[in-house]
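Participant: no sequence on hand, only this structure:
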């Protein structure tokens, strides 16, 4: 899979509220009511990641879950990263 251009990344991020570019990754922090719900969300993300064969970096801080994705094999951002972000936002409802 080929890397996206800077313009393609900017355009995609316009339709992915909350996601931001972080070097060769895109990242987003989701805030949940409590730790238990945050962990359940991580379980959903893990299922999505396994199904897509694409695994984000996950950082859990009590009720906040930060996801960061990049396509290591391609050396940067690809459509695969955007697909994972869109799918996770669908699970989370796109909210904070």
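Facilitator: Looks like it arrived, so ask away. Note that the structure is a prediction, hence the values are computed from the model and not measured. Numbers count the residues shown, from 1 in each chain.
Participant: what helix or strand is residue 66 located in?
Facilitator: With secondary structure defined by DSSP states H and E, residue 66 is part of strand 64-69.
Participant: what mean pLDDT does that strand get?
Facilitator: For strand 64-69, mean pLDDT rounds to 98.
Participant: stretch 72-90 too?
Facilitator: Rounded mean pLDDT across stretch 72-90 is 94.
Participant: name the residues that touch that stretch?
Facilitator: Contact partners of stretch 72-90, identified using C-beta atoms under 8 Å, 6 or more residues apart in numbering, comprise 1-4, 9, 12, 16-19, 21, 24-26, 28, 44-45, 48-49, 52, 54, 56, 67, 69-71. C-beta: built from backbone N, CA, C; applies to glycine.
Participant: please check these and keep the buried ones.
Facilitator: 3-4, 9, 12, 16, 19, 25-26, 28, 45, 48-49, 54, 56, 67, 69-71 (16 or more other C-beta atoms under 10 Å).
Participant: please name every helix or strand in contact with the strand holding residue 66.
Facilitator: Other helices and strands packing on strand 64-69, by 3 or more C-beta pairs under 8 Å, 6 or more residues apart in numbering; DSSP states H and E, are strand 25-31, helix 35-52, strand 57-61, helix 79-92.
Participant: partner strands of that strand, with direction?
Facilitator: When pairing is defined by DSSP bridges, strand 64-69 lines up against strand 25-31 (antiparallel), strand 57-61 (antiparallel).
Participant: including mean pLDDT and distance to residue 88, could those strands go into a markdown table?
Facilitator: Converted to a markdown table, the strands paired with strand 64-69 look like this (pLDDT from 0 to 100; distance: least, C-beta to C-beta, whole Å):
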| stretch | mean pLDDT | distance to residue 88 |
| --- | --- | --- |
| strand 25-31 | 98 | 8 |
| strand 57-61 | 98 | 11 |
